[in-house]
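Colleague: Take this sequence and fold it.
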Amino acid sequence: MSRKTEGERADIYVRITDRIVADLEKGVRPWMKPWNAANTEGRITRPLRHNGQPYSGMNVLLLWSEGMARGFTSPMWMTFKQALELGAAVRKGETGSTVVFASRFTKAETDRDGNDVDREIPFLKAYSVFNVDQIDGLPDHYYHRSTPVLDPVERIENADRFFRNTGAVILHGGSQAYYSPATDHIQMPPFETFRDAASYVGTLSHEATHWTANPRRVARDLSRYSKDKSERAREELIAELGSCFLCADLGIAPELEPRPDHASYLQSWLTVLSNDKRAIFHAAAHAQRAVSYLHGLQRSEEGSSKVAA
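Modeller: Numbering: from 1, shown residues only. A predicted model of the protein is given here:
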């Protein structure tokens, strides 16, 4: 990989991380912005590609943030070329929003012993997309997309079924919500102690993301969680992002206000992100992997609602 390419890639990490750090310094968790807007209950979705496929991982955070900052009402995005292929055009003067594509390529090299070896090299590419609100001439259904919204009772029933299908052991009692790696169970306070059913589901989605860390599932290492403040902050960031992704999929609002036991994480996240410009990318990738795993445990009727990794 050329030095120029490495520099461009590093610049993407820095630019995006600096934006998130700026929000955190104001006390704002940027991934919570969509739910803090007015009249959005039950309407928050993941950002969508031009073909209706949901974005995943880091791109969810990027496009949620852009959509809120610029007042876009459509969840759908596409490239300049995709708009042209649909017979439409981006309006003059409109600027795009950054999304990223991460992958790997294999490069043949010779090791110190003269043997030919294949080395996998990760790469990150940034490109621009435009919101439907910035584009003229698209087919009518792009502007008037019907998005069925379940009523509150149906949403809660759907969420209850989702968590039941995971097979997680969920116990109730006490005043704290947590996942115990030692006993591999999720502990939740009694249902009636929550403000409402959505608050219960929002909290459970956070703990369910922790639950995926078990070695039999996605195998995130929690061995240093209780000993290392930085590792704990990273895992809590993964769980919070995972909760946001999952709540968007289920049509449920996540925990808008940090729990008392989570209030201290804001400064820890600032420290982690300031010291490691790739930390938010890694956290979003781990959160996406966790949520995809939970979706994979659902029965076949979930079908097209699954989100690609």
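Colleague: what are the ranges of the helices in the stretch 1-150 of the chain?
Modeller: 3-25, 33-36, 58-70, 80-85, 140-143 (DSSP state H, counting those that start in this stretch).
Colleague: The ones you listed: which one's closest to Ala284?
Modeller: With Cβ to Cβ, the closest approach to Ala284 among those belongs to helix 58-70: 4.2 Å. The C-beta positions use only the backbone N, C-alpha and C, and glycine is treated the same way.
Colleague: average pLDDT for that closest one?
Modeller: Computed over helix 58-70, the mean pLDDT rounds to 93.
Colleague: Run through who's touching that helix.
Modeller: Helix 58-70 has contacts (Cβ atoms under 8 Å, 6 or more residues apart in numbering) with 16, 19-20, 23, 30-31, 33-34, 37, 46-47, 54-55, 72, 75, 77, 97-100, 102, 129, 131, 241, 244-245, 248, 280-281, 284-285.
Colleague: quick revisit: for the helices of the stretch 1-150 of the chain, which one sits closest to Thr271?
Modeller: For the helices of the stretch 1-150 of the chain, the distance to Thr271 is smallest for helix 3-25, at 10.1 Å, taking Cβ to Cβ.
Colleague: if we can go back for a sec, quickly, which of the helices of the stretch 1-150 of the chain bottoms out on average pLDDT?
Modeller: When I compare those, helix 3-25 is least confident, with a mean of 77.
Colleague: follow-up on the earlier one: among the helices of the stretch 1-150 of the chain, which is nearest Leu204?
Modeller: Leu204 lies closest, by Cβ to Cβ, to one member of the helices of the stretch 1-150 of the chain: helix 33-36, at 16.4 Å.
Colleague: which strands and helices sit next to the closest one?
Modeller: helix 58-70 (3 or more Cβ pairs under 8 Å, 6 or more residues apart in numbering; DSSP states H and E).
Colleague: how about 10 Å then?
Modeller: Packing partners of helix 33-36 (3 or more Cβ pairs under 10 Å, 6 or more residues apart in numbering; DSSP states H and E): helix 58-70, helix 229-250.
Colleague: about what we covered before: could you pick out the buried ones from the contacts of helix 58-70?
Modeller: With neighbours counted by 16 or more other Cβ atoms under 10 Å, these contain buried members at 16, 19-20, 30-31, 33-34, 46-47, 54-55, 72, 75, 77, 97-100, 129, 131, 241, 244-245, 248, 280-281, 284-285.
Colleague: follow-up on the earlier one: could you point out which of the helices of the stretch 1-150 of the chain sits nearest Asn158?
Modeller: Minimum separation from Asn158 across the helices of the stretch 1-150 of the chain (Cβ to Cβ) falls at helix 33-36, 17.9 Å.
Colleague: how distant is that closest one from the center of its chain?
Modeller: Helix 33-36 sits 14 Å away from the centroid of its parent chain (Cα atoms, centre = their mean, to the nearest Å).
Colleague: I'd like the numbering to begin with 4 instead of 1 from here.
Modeller: In the new count, where the first residue is 4, that last one comes out as helix 36-39.
Colleague: Contacts for that helix next, please.
Modeller: Outside helix 36-39, the residues within contact range by Cβ atoms under 10 Å, 6 or more residues apart in numbering are 26, 31-32, 43-44, 46-48, 50, 63-64, 67-68, 70-72, 78, 205, 247, 250-251, 255-259.
Colleague: of these, buried ones?
Modeller: Neighbour counting by 16+ other Cβ under 10 Å classes 32, 47-48, 50, 63-64, 67-68, 70, 78, 205, 247, 250-251, 255-258 among the contacts of helix 36-39 as buried.
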